[in-house]
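# Just need the structure, nothing else, for what follows:
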Amino acid sequence: MFDKWFEELAVGDTRSFAGVTVTEAHVVGFAGVTGDNYPLHMDAEYATTTVFGQRVAHGLLVLSLGAGLVPMTPGIVAALLGMEEVRFVAPVFIGDTVHPEMEVLETTARGDGPGRVRVAERILNQRGEPVVTAVINVLVNRRGAGDGG
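Residues are numbered from 1 along each chain as shown. Model prediction:
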């Protein structure tokens, strides 16, 4: 989505992106960066006593992985304005593969400058089941406005 200029995006446009397999390194690295060492994510023995029966990847890790899988051409995205309705709807386990899908919900022109784009994101696991859903609001440049020309 964010490799297209504002005027190239239309309501209803959809895209699916490549996936990544969640690894132990992802979980441990995320915990190290954020300080989120909650036992459900970090303690295999504890996790076996939970409803999940095994360690679960951090929801924000999965959301971040989804963001990293969406191509962004430099100069096109002016700013991330925020996220709404973020839901962690199913657990993601080490070894699961996740990938994002997006749909343009709304485009709002703002004079001659960047326009606001509302996008629905679903991050799916290898079985096609949604694990994270969100609505993302992004400020997207018009052709020529953010590309140095």
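# Make sure Leu61 is indeed in a strand.
No - assigned with DSSP: H, G, I helix; E, B strand; the rest coil, Leu61 falls outside any strand and is helix.
# ok now do it, which residues does it touch?
For Leu61, the contacting residues are Val22, His26, Val27, Phe30, by C-beta atoms under 8 Å, 6 or more residues apart in numbering. Heads up, the C-betas are built off the backbone N, CA and C, glycines and all.
# Ile136 too?
By C-beta under 8 Å, 6+ apart, the contact set of Ile136 is Leu80, Gly82, Met83, Met102, Arg118, Val119, Ala120, Glu121.
# Give the residue spans of this protein that score low on pLDDT.
145-149 (pLDDT under 70).
# those helices in it, which residues are they?
Per DSSP state H, the chain carries helices over the ranges 24-34, 39-42, 44-47, 59-68.
# And Pro39, how far from Ala31?
From Pro39 across to Ala31, the span is 11 Å (C-beta to C-beta, to the nearest Å).
# So which of those two has more stuff around it?
Comparing Pro39 with Ala31 by other C-beta atoms under 10 Å, the one with more neighbours is Ala31, at 16 against 13.
# Setting aside sequence neighbours, what's the nearest residue to Gly59?
Phe88 (3.8 Å; C-beta to C-beta, 6 or more residues apart in numbering).
# Fine by me, we can end here.
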